[in-house]
Every structure is written in C-alpha cells, then in structure tokens.
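> sharing a model prediction with you, sequence too.
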Amino acid sequence: MTDSISVLATIKELRQTVGDWRAAGEKITLVPTMGALHDGHLSLVKLASETGDRTVVSIFVNPAQFAPHEDFDSYPRENEKDLEQLAELDVDLVFMPPRDEVYRQDFSTRVTVEDLSEGLCGASRPHFFGGVATVVAKLLNQCRPDVAIFGEKDYQQLLVIRRMARDLDLDVEIIGGPIIREADGLAMSSRNAYLSAEEREKAPLLHQAISEIAEALSNNVTTGDLLNKGRKNLTQSGFDVDYLEVRNADTLAPIEGRVKGQVRIFAAAILGKTRLIDNIAVPTPRK
Ligand code: PAF
C-alpha cells in the first residue's frame, strides 16, 4: 500500500481528524465511493478539491445495497490501485472502514426515502436505495462534511440522497458531478470491467440510443414511438432492457407526449451479465 496518503479505518480517528479541520474553520468535502476508481470518480475528487479546503474520499463496498443474488462478492476491489490514484490528487484523507466498523452484528436501522426511490432502478432493485440512503446517512454523520459529491451517472441515487439529507435536516450540501464517458460514449462505471470484449463493443449503443431520443425530443417529437423504437433497437442488439423512460429531472415524474422543463432520459439494460445504466438531459426544445 502507498504510504503517501493518509488512510483511516475507524470512525473515531475520522471524527478526530475532521473535527480538528472543522475547528480550524476549514471547509470539508466528502466523496463517497465503493472503490474500483475510474476517471468518473477521479473527476468527483477533483471537483471536491475545487469546492473545499479538505477532501475526504471514502471507500466502502456497502453490503446493504446489494441483494443476495447480486454481485457483492465479485464487485471489483482494487484498494492498492485506488490509493495510488488518489495519492496523485489533492486528497487529504481516505476513509476505508472494515465492514464491522460500519455495521455491527446487531445493526437494525434502515433509512427509506419513499417516492423518489420507487421507479426506475428502484423497481428492479427494491433493496438498493434503502441500502444507499442508510450508508450515506452514516457516512455523512461520521464525517460531517460541508459538501458531499456524487456522480450524475447514478442520477436517481443523487436525487434520493439529496432528499434524504434534506428530510433528515443534515447540514450538508449535496452536489452532482457530470457523467464522464469513454471516447465511444459509454458512461464510466466500475461494473464495465465485467463486459466481455464483444459486449464492450456493443455497450455504447445504450448511450447512442438515449442521445438520439434526447435530440428528437428537443425537436418536438413526442415520447411514445421514440421510446418503443429505442427499446426494440436495443433488444435487437442483444440488450435486455430494464427501462427506457423520460422523466422530470427534479421529481422523476414520468413525461409523456411533448417535453417541457428540465427533462432527462433514463435507461438501464443488461448486456450479458452486466447491468448498465445511463441518463442524459434533453436540451431545451426548440420553439
Ligand atoms: O455510488 C456509489 O458508489 C455508492 O452507491 C455510494 C454512494 C458510495 C454508497 O455506497
């Protein structure tokens, strides 16, 4: 492991260090991650160092957000490489707690954010947002940052966390960082590592599909046929489409017909064994 970056494993040490910074009047930004860091995460870390005086990155693969049949055991764990990458950036501290530091044996609390958690990813992964909201509430409590940053690739997650922080009166500003894409458009994700070479070639079609729909909606085409055609094309290319939907960007209310206001297209599809998600803003429709 690299020794050029400070790594803490206990809540007590985290509180002590961050508490000293806070007492000195410094602004603290937290970037929660599950590790297996890619350029998308690193862009959030860079945003954090522009936002505050001290940047804390947490790395914790959170068991509470995986269902028993999901990939908790096989989720990529690359701690050494992650620390090397973070050591190149302006990071003050990495918080890497072991599982039992976060969840005691008799841990029995779960944070539920109703409404925003219910459609899209919440429909096929009903356990997911409760697990995310629970661990993020804990991380925010443990670190007490002024700002916490999350990627817009998990846009529904970002809204759920923002609502949770507001509803629980947590004194933190939640900021979203833009999606970082590979050169061919595929949104960066730790799970892209699961794709075979053949699947990796097809994977950018998901971004292509939502981009084409966004472009058409901004030209005042209505939603219905576009989405049906998009689903059909993706299915024919080998994707198992979970959802392809147009939603209000703040409330996630479904949009039908002509779009107006802040609108995004959301997609999730399985390619082989890999569940890919993506989303894109619809440019303001031309009059
Ligand atoms: O987006 C992630 O990596 C995780 O869901 C998060 C927010 C770190 C919670 O475990």
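Sure, I can see it.

> chain neighbours aside, what residue packs nearest to Thr109?
Thr134 (7.0 Å; CB to CB, 6 or more residues apart in numbering). C-beta coordinates here come from the backbone N, C-alpha and C atoms, glycine included.

> what do you get for Ala268?
Ala268's closest residue in space is Asp242 (CB to CB, 6+ apart), at 4.0 Å.

> repeat for Asp90
Asp90 sits nearest to Ser49 (CB to CB, 6+ apart), 3.9 Å away.

> ok, the one you found - contacts?
29, 55, 89-91 (CB atoms under 8 Å, 6 or more residues apart in numbering).

> wait, a strand at it?
No - Ser49 sits outside any strand when classified using DSSP: H, G, I helix; E, B strand; the rest coil, being helix.

> can we start the residue count at 35 from this point?
Okay, using 35 as the starting number, the last item reads as Ser83.

> need the residues of this structure near the ligand, please.
66-68, 96, 99, 166, 169-170, 184, 188, 191 (CB under 6 Å from any ligand atom).

> redo the residues you listed as JSON lines? Include distance to Leu261, neighbour count and pLDDT.
Putting those into JSON lines (distance: CB to CB, whole Å; neighbours: other CB atoms under 10 Å; pLDDT from 0 to 100) gives the following:
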{"residue": "Pro66", "distance to Leu261": "32", "neighbour count": "23", "pLDDT": "99"}
{"residue": "Thr67", "distance to Leu261": "32", "neighbour count": "21", "pLDDT": "98"}
{"residue": "Met68", "distance to Leu261": "31", "neighbour count": "17", "pLDDT": "98"}
{"residue": "Asn96", "distance to Leu261": "32", "neighbour count": "21", "pLDDT": "98"}
{"residue": "Gln99", "distance to Leu261": "28", "neighbour count": "21", "pLDDT": "98"}
{"residue": "Val166", "distance to Leu261": "27", "neighbour count": "26", "pLDDT": "98"}
{"residue": "Val169", "distance to Leu261": "33", "neighbour count": "21", "pLDDT": "98"}
{"residue": "Val170", "distance to Leu261": "31", "neighbour count": "26", "pLDDT": "99"}
{"residue": "Phe184", "distance to Leu261": "27", "neighbour count": "24", "pLDDT": "98"}
{"residue": "Asp188", "distance to Leu261": "21", "neighbour count": "20", "pLDDT": "98"}
{"residue": "Gln191", "distance to Leu261": "22", "neighbour count": "24", "pLDDT": "98"}
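
> helix/strand/coil for the residue nearest to Thr143?
Classified using three-state DSSP, Thr168 is helix.

> pLDDT score for it?
pLDDT recorded at Thr168 is 98.
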